[in-house]
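**Q** all I have is the shape, not the residue letters:
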């Protein structure tokens with residue numbers, strides 16, 4: 001069963017978000033109708049994504065062996081703070097509801113990290129999530145007072161022991177380990193109990209690689225990680241499978257790249273997660289990502305069959321120091337570029353970004369570009385495709401209020 005955090009169709013049906021979906025669907029219906037009669041396609045409406053992944057910085061103080069963004073870390077491009085704030089103001093006025101500070105580098109290394117979170121919360125009133133490596137707990141503690149119910153912080157830890165943690169993540173400070181990182185969790189909860197705190201665990205099996213380099217297996221630490229997460233006071237631990245980057249830049253799940261039979265790997269993962277549920281008790285929630293669930297039940301190849309048009313690229317985008325991209329699975333890839341990094345900095349630039357979105361909706365054929373991607377947005381993309389194809393279809397507004405992260 002899909003957990004609500006990955007039930008994107010339900011999120012799009014909430015009263016706060018449904019108007020953006022309705023505007024998008026109306027536009028795409030009009031585009032198809034115009035082309036059917038040989039008329040010019042109408043331009044994109046003044047629409048911003050509902051939710052963005054925001055890579056505040058490419059700087060990182062780890063050298064994680066399994067990092068999907070290895071090649072761009074600590075390179076030159078940067079986001080200018082005032083341009084970034086202008087961009088969020090424009091997007092907020094056009095329907096932006098949530099921002100996930102994630103990817104590229106470590107967000108707490110961004111100069112003015114705390115002030116930026118305060119701005120997003122107090123001036124714009126948007127939902128904020130932070131995905132951090134946890135090495136700068138003092139900065140996470142600083143932003144805690146600004147966060148509200150529905151906001152969250154998730155730490156990428158991927159291990160249960162200090163030894164494996166350090167071997168996998170290679171932090172640049174000798175005193176950084178799981179003990180030190182987890183010691184900040186009670187402090188953050190004490191400062192503000194509203195935001196949810198998550199422990200992220202990317203499952204790696206023998207045979208998985210990055211640039212032909214074999215990665216460290218961590219299946220045996222699924223249970224110790226759950227124990228540590230429970231004892232530290234995290235609200236949940238999330239498990240998801242490791243991704244590998246193809247030559248064309250796409251991030252994919254490759255369970256056939258194992259040193260043993262895939263069925264046996266899945267059996268081991270399922271067994272360890274079952275044990276993790278036992279030790280979690282009532283104090284810790286266990287989340288399994290959609291692609292992990294599909295790996296376990298053998299349906300993962302179904303999620304690689306995408307419609308030609310990826311509709312979610314209009315509703316969820318990635319803003320990075322190198323540009324605006326259509327998907328987290330294609331961040332930094334030229335063919336997925338919608339606009340330069342200042343694409344939403346003012347109304348004129350946003351209009352040009354709308355033209356870039358219209359272009360990429362036509363040119364980016366997800367059925368081929370994403371044919372190896374086990375896509376989290378597979379179901380919602382097909383649902384939106386049906387809405388666009390049926391002029392009589394009505395979008396129900398029945399989703400629960402709260403979570404707008406896509």
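**A** That came through fine. Please read all numbers here as calculations on a predicted model, not as lab measurements.
**Q** assess the claim that residue 284 and residue 230 are in contact.
**A** Yes: contact between residue 284 and residue 230 holds when scored by CB atoms under 8 Å: they sit 4.2 Å apart. Where C-beta positions appear, they are placed from N, C-alpha and C, glycine not excepted.
**Q** between those two, who's got more neighbours?
**A** Regarding residue 284 and residue 230, a neighbour count based on other CB atoms under 10 Å identifies residue 284 as having more, with 22 against 18.
**Q** quick one, what contacts the more buried one?
**A** 226, 229-230, 234-237 (CB atoms under 8 Å, 6 or more residues apart in numbering).
**Q** quick check: residue 378 touching residue 305?
**A** Yes: look at residue 378 against residue 305 with CB under 8 Å: they come within range, at 7.5 Å.
**Q** which of these two has more neighbours?
**A** Between residue 378 and residue 305, counted using other CB under 10 Å, the more crowded position is residue 378 (24 against 13).
**Q** quick one: pLDDT of the more buried one?
**A** Per-residue confidence for residue 378 comes out at a pLDDT of 91.
**Q** equivalent analysis for residue 63, please.
**A** Among the per-residue scores, residue 63 holds a pLDDT of 88.
**Q** nearest residue to it other than its sequence neighbours?
**A** residue 170 (4.2 Å; CB to CB, 6 or more residues apart in numbering).
**Q** name the residues that touch the host helix or strand of residue 131?
**A** Using DSSP states H and E, residue 131 falls within strand 127-132. With contact meaning CB under 8 Å, 6+ apart, strand 127-132 is reached by 97-103, 106-108, 117, 120-121, 140, 143, 146-148, 150-156, 200, 403-405.
**Q** same deal with stretch 30-49?
**A** 20, 23-24, 27, 90-96, 314-317, 344, 350-351, 354-355, 357-358, 388, 406.
**Q** for stretch 107-116, same thing?
**A** Identification of contacts with stretch 107-116 by CB under 8 Å, 6+ apart yields 55-57, 59-61, 79, 81, 84-85, 101, 130-132, 135-136, 139-140, 142-143.
**Q** take these and keep only those in helices.
**A** Taking DSSP state H, the ones among these that sit in helices are 81, 84-85, 139-140, 142-143.
**Q** just the residues you listed now: which is nearest residue 288?
**A** Nearest to residue 288 among those, counting by CB to CB, is residue 140 at 25.0 Å.
**Q** pLDDT (mean, whole number) over stretch 83-100?
**A** In the prediction, stretch 83-100 has an average pLDDT of 98.
**Q** now do stretch 240-260
**A** Mean per-residue pLDDT for stretch 240-260: 63.
**Q** PyMOL command for the buried members of the contacts of stretch 107-116?
**A** Selection of the buried residues among the contacts of stretch 107-116 in PyMOL, burial being defined by 16 or more other CB atoms under 10 Å:
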select buried, resi 55+56+57+59+60+61+79+84+85+101+130+131+132+135+136+139+140+142+143
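**Q** all helices for the stretch 251-400 of the chain, in order.
**A** 262-280, 290-297, 312-315, 347-363, 366-369, 378-389 (DSSP state H, counting those that start in this stretch).
**Q** and for the fourth one, what's in contact with it?
**A** Contact with helix 347-363 is made by 28, 31, 41, 43-48, 90-91, 94, 309-311, 313-314, 324, 326, 336-339, 342-344, as judged by CB under 8 Å, 6+ apart.
**Q** quick one: contacts for the spatially closest residue to residue 24 that is not a sequence neighbour?
**A** Spatially, and ignoring its direct neighbours in sequence, residue 24 is nearest to residue 314 (5.3 Å; CB to CB, 6+ apart). Contacts here follow CB under 8 Å, 6+ apart; on that basis residue 314 touches 24, 47, 49, 357, 361.
**Q** just the element for the first one, please.
**A** Read that as residue 24. Using DSSP H and E, residue 24 falls in helix 18-36.
**Q** pull the longest strand from this structure.
**A** Determined from DSSP state E, the single longest strand within the chain is strand 196-203.
**Q** measure how buried residue 26 is and give me the count.
**A** The burial count for residue 26: 16, using other CB under 10 Å.
**Q** now do the strands in the stretch 101-250 of the chain.
**A** Using DSSP state E, counting those that start in this stretch, the strands of the stretch 101-250 of the chain run over residues 127-132, 152-156, 196-203, 209-210, 213-214, 236-241, 244-245.
**Q** tell me which strands the third one pairs with, and in which orientation.
**A** Strand partners for strand 196-203, identified by DSSP bridges, are recorded as strand 152-156 (parallel), strand 236-241 (parallel).
**Q** how far off centre is the longest one?
**A** Which is strand 236-241. Chain-centre distance of strand 236-241: 13 Å, with CA atoms, centre = their mean, to the nearest Å.
**Q** kindly provide the distance from the closest residue in space to residue 181 that isn't next to it in sequence to residue 152.
**A** Distances taken as CB to CB, 6+ apart place residue 134 nearest to residue 181, at 3.9 Å, with adjacent residues excluded. From residue 134 across to residue 152, the span is 14 Å (CB to CB, to the nearest Å).
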